[in-house]
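**Student:** The sequence isn't on hand, but the structure is:
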């Protein structure tokens with residue numbers, strides 16, 4: 001099936017209202033144990049809207065507090081920004097209407 005290659009990722013623009021975030025498996029979150037900063041949908045696709053929402057959340061999280069106590073905020077920010085860049089490039093090339 002599409003997206004089965006290890007080096008390629010699949011993307012989606014499923015609206016947040018249609019994603020059951022509490023029902024997502026831990027692997028769909030950047031902070032898996034805390035289940036924070038979701039970036040993949042239930043099918044494992046990197047989701048445009050989840051990435052945008054998580055980028056906003058991460059920006060407002062002070063480093064060294066709560067779930068970020070054991071995590072490296074700059075590394076997480078870099079990783080999330082990379083996914084966001086890729087999914088936004090996909091959305092533009094697929095002519096997905098951006099919803100901010």
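**Tutor:** Yep, it's here. Please read these numbers as outputs of a predicted model, since none were measured by experiment.
**Student:** where in this structure is pLDDT low?
**Tutor:** Filtered on pLDDT under 70, the chain yields the residue ranges 1-7, 69-71, 97-100.
**Student:** That one: helices as residue ranges?
**Tutor:** For the chain, the helices defined by DSSP state H cover 48-59, 73-93.
**Student:** Could you list the residues in contact with the longest one?
**Tutor:** Right, the one you point to is helix 73-93. Contact with helix 73-93 is made by 9, 11, 13, 30-31, 37, 39, 46-48, 51-52, 54-55, 58-59, 61, 63, 68, 96, 98, as judged by Cβ atoms under 8 Å, 6 or more residues apart in numbering. Yep, even glycine has a C-beta here, placed from its N, CA and C like the rest.
**Student:** For it, which residues meet the burial criterion?
**Tutor:** For helix 73-93, a neighbour-count test (16 or more other Cβ atoms under 10 Å) marks 76, 77, 80, 83, 84, 87, 88, 90, 91 as buried.
**Student:** for the most centrally placed residue in the chain, phi and psi?
**Tutor:** Residue closest to the average C-alpha location in the chain (Cα atoms, centre = their mean): residue 39, at 1.7 Å. Residue 39 adopts backbone torsions of phi -140, psi -10, taken as degrees, to the nearest 10.
**Student:** wait, residue 47 sits on residue 13?
**Tutor:** Yes - look at residue 47 against residue 13 with Cβ atoms under 8 Å: they come within range, at 7.2 Å.
**Student:** Settle it for me: which of the two has more neighbours?
**Tutor:** Set side by side, residue 47 and residue 13 show more neighbours around residue 47, with 27 against 17, by other Cβ atoms under 10 Å.
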